[in-house]
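A.B. asks: please find the sequence and the predicted model below.
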Amino acid sequence: SYRYGRRTFGCSCVSSQENKRRTEQKPKKKVNVKFVKAIFKILCLIGLIAGTISFIMISPVFNITEIEVVNNQKLSDDTYISLSGINYGENIYRISKKEIKEKVKENAYVESIEINRKIPNKLIIAAKERVATYMIAIDGKYMYIDNQGYMLELSKNKIDFPILKGLETQKEEIKVGNRLCDNDLEKLNKVLEIYQNATSVEINNLITEIDVGDKTNYKLILEKEKKTVHLGEADDLMNKFNWIKVTVEQEKGKKGDIYANRDLDSQPVFFSPTKSKKKD
């Protein structure tokens, strides 16, 4: 009985220790149902977005069927479409706006461009073009340039723009897409002032050449009137052009030089006719 009791006593101790150990163990954390649901929703949303993107990229609904070009004057719609490299039937979301802009702006006439998608299948190209206003004569041809000094087109055609002479830009640099050198850009700013004042008194259409070789004495060639205007440093322009207009009208049909390169407060503009050569 002693052994039995001892054995019983021993079992009792072990059982007490196990109970104590179980009591001391921390309870297991319950699964956070809200967190699981949130993760599930996020995964569903990601799947939905991925599915939508896949649908957009492969669906023929978003294939380009129409390309509209707006604000273009010089270049045709077909030219813009050709420059862009866009193909009809191409997915509207697969095109790169940046690449299209870079391609189109390779044409010197294009100053800036915007590409807009009109869902589901229309693309709009909005252009801002440069406008030729002056010419440079070179090797029997004419380089058209704009008011910012960008070289736009080399042509055999002499159009109704003033020719700029006396520029410092090197001959090898006169290429389509290039720009006048810094010194010439400064001169061009003066040219713009000159032409603006000539326009205000309505004699701009008489100017066929502008010589900017000497910044202290800009010269204007009025080919139809057979006259050369010595403008001086291009200051007091409005006053000078008012006198130039009066002189042109007074000396109509006479070949000679108009001198406006003087202080008009003390020395008025005057005309010096060209003496004709005597025949033997």
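C.D. replies: Sure thing, it's come through.

A.B. asks: so I95, which of the three states?
C.D. replies: coil (DSSP: H, G, I helix; E, B strand; the rest coil).

A.B. asks: for it, give its distance to N63.
C.D. replies: The gap separating I95 from N63 is 11 Å, by C-beta to C-beta, to the nearest Å. All C-beta spots, glycine's among them, are computed from the backbone N, C-alpha and C.

A.B. asks: do the same with E106
C.D. replies: 26 Å.

A.B. asks: same thing with V269?
C.D. replies: Counting by C-beta to C-beta - V269 and N63 are separated by 68 Å.

A.B. asks: pick out whichever of these two has more residues nearby.
C.D. replies: Neighbour count, other C-beta atoms under 10 Å: between V269 and N63, V269 has more, with 20 against 15.

A.B. asks: can you tell me which residues contact the more buried one?
C.D. replies: Going by C-beta atoms under 8 Å, 6 or more residues apart in numbering, V269 touches K240, W243, I244, T247, I258, Y259, A260, R262.

A.B. asks: with adjacent residues omitted, what lies nearest to it?
C.D. replies: W243 (4.0 Å; C-beta to C-beta, 6 or more residues apart in numbering).

A.B. asks: strands of the stretch 151-280 of the chain, start to end?
C.D. replies: 151-155, 163-165, 209-211, 218-222, 227-232, 256-259, 270-273 (DSSP state E, counting those that start in this stretch).

A.B. asks: would you list the ones you listed in TSV and tack on mean pLDDT, mean neighbour count and distance to N32?
C.D. replies: Output for the strands of the stretch 151-280 of the chain, formatted as TSV (pLDDT from 0 to 100; neighbours: other C-beta atoms under 10 Å; distance: least, C-beta to C-beta, whole Å):
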stretch	mean pLDDT	mean neighbour count	distance to N32
strand 151-155	97	17	69
strand 163-165	97	18	79
strand 209-211	97	20	82
strand 218-222	96	21	84
strand 227-232	96	22	86
strand 256-259	96	18	94
strand 270-273	93	13	99
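
A.B. asks: reformat those strands as JSON lines; add distance to N116.
C.D. replies: Formatted as JSON lines, the strands of the stretch 151-280 of the chain follow (distance: least, C-beta to C-beta, whole Å):
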{"stretch": "strand 151-155", "distance to N116": "26"}
{"stretch": "strand 163-165", "distance to N116": "38"}
{"stretch": "strand 209-211", "distance to N116": "40"}
{"stretch": "strand 218-222", "distance to N116": "44"}
{"stretch": "strand 227-232", "distance to N116": "46"}
{"stretch": "strand 256-259", "distance to N116": "52"}
{"stretch": "strand 270-273", "distance to N116": "57"}
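
A.B. asks: looking at those, which is nearest to N178?
C.D. replies: strand 151-155 (5.1 Å; C-beta to C-beta).

A.B. asks: please report how far K224 lies from E111.
C.D. replies: 32 Å.

A.B. asks: which stretches of the stretch 1-150 of the chain form helices?
C.D. replies: 2-24, 33-58, 77-84, 97-104 (DSSP state H, counting those that start in this stretch).

A.B. asks: which stretch in those helices is the model least sure about?
C.D. replies: Lowest mean pLDDT of those: helix 2-24, a mean of 52.

A.B. asks: could you pull up phi and psi at N147?
C.D. replies: phi -70, psi -10 (degrees, to the nearest 10).

A.B. asks: that's all I had, so thanks and see you.
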